[in-house]
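# I'd like to go over a predicted model; first the sequence, then the structure.
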Amino acid sequence: MKQVLVPNEQMLGEVSALLSEGRSVVFLAKGASMRPFIEGDADSVLLERRTPVQVGDIALAHLSGGNWVLHRVVSVCGNDVTLRGDGNLRGEEHCTAADIAGTVREIQKKSGRKIRCYSRCFRFRSRLWRLLPRLLRRVFLGIQRRLI
Amino acid sequence: MKIKEGFKLRTLLGEHIVTREGYDQVNFNKMISLNESAAYLWEAVAGRDFDVAELASLLVKEYGIEQELALHDAQAIADKWVEIGLVEG
């Protein structure tokens, strides 16, 4: 089987178009910014269009600079949405609700396990993670990085 | 033989891509890319029964190649489609 690497800008543009048609889309996640919940190049995500976007959702957003991020929604204030990667100790992204292409309904772990992201259990675990002190998150992420 | 229900040819990322679209879901991890001639054949026979001889005659008509070469290529592509489960019958 041949693996084709496609620039993010190109692929996520197509993903966004499919989501706006009402389809759900699965693709392999990239990067480490959503650790410990999503492991780049190992886990896949299933996205769908869901409005309105809610705090706690993992959203695919097209930022004003042209970059795409798949990060956690940490606040929604009217039309303004703020996102932060669970694995990022600092830094936030800002966009409008219209810049959100879709949200993650399911994380498909490399092991085959599927995590439903709208479930109470997952939302609770995500909230707990975000409430941890930054130092503790840093230590945990450091351990996870060494184990993977 | 016939192309199985649920497979759809679309242009994605500038390529001819066959996707399985059950439950309105598009899986970017499981895509099959077709070259120009395979995409032409796919479109010509989508939704109906066909055989290798018909694929060959379509290749002769479109590309003006020898019948023998067309049969060889048509057989190869039909075998590949069967192998990866795109067609039935």
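Good, I have the coordinates.
# ok, A:L131 to A:E92 distance?
From A:L131 over to A:E92 the distance is 17 Å, taken as Cβ to Cβ, to the nearest Å. Where you see a C-beta, it was placed from the backbone N, CA and C, and this is true even at glycine.
# who has more neighbours, these two?
In this comparison of A:L131 against A:E92, neighbours counted by other Cβ atoms under 10 Å in any protein chain shown, the higher total goes to A:E92 at 12 against 9.
# buried sites along the helix or strand where B:E54 lies?
Secondary structure assigned from DSSP states H and E places B:E54 in helix B:52-63. Applying a neighbour-count criterion of 16 or more other Cβ atoms under 10 Å in any protein chain shown, one finds B:52, B:54-56, B:58-60 buried in helix B:52-63.
# mind listing the helices for the chain?
Answering for chain A, as no chain was given. In chain A, helices defined by DSSP state H lie at A:8-20, A:120-131, A:134-147, listed in chain order.
# that answer is for a different chain, and I need it for chain B
All helices of chain B, identified by DSSP H, fall at B:36-45, B:52-63, B:67-83.
# so what touches the last one?
This means helix B:67-83. The list of residues contacting helix B:67-83 from outside it, by Cβ atoms under 8 Å, 6 or more residues apart in numbering or on different chains, reads B:1, B:3, B:37-38, B:41, B:52-53, B:55-60, B:63, B:65, B:87.
# residues of chain A that sit close to chain B?
Within chain A, the positions lying close to chain B (Cβ under 8 Å from any Cβ of the partner chain) are A:2, A:4, A:6, A:10-11, A:14-15, A:18, A:22-28, A:44, A:46.
# low pLDDT regions in chain B?
With pLDDT under 70 as the threshold, chain B has low-confidence stretches at B:21-23.
# just want the most central residue of it.
Nearest to the mean C-alpha position of chain B, counting by Cα atoms, centre = their mean, stands B:W42 at 3.6 Å.
# what sits closest to it if chain neighbours are left out?
Spatial nearest neighbour of B:W42, chain neighbours left out: B:L9 (5.1 Å); criterion: Cβ to Cβ, 6 or more residues apart in numbering or on different chains.
# shouldn't A:V104 be in contact with A:L70?
Yes - counting by Cβ atoms under 8 Å, a contact exists between A:V104 and A:L70, whose distance comes to 7.2 Å.
# any chance you could map the strands in chain A?
Counting by DSSP state E, chain A has these strands, from start to end: A:24-28, A:44-48, A:58-62, A:68-77, A:80-84, A:93-96, A:100-108, A:114-116.
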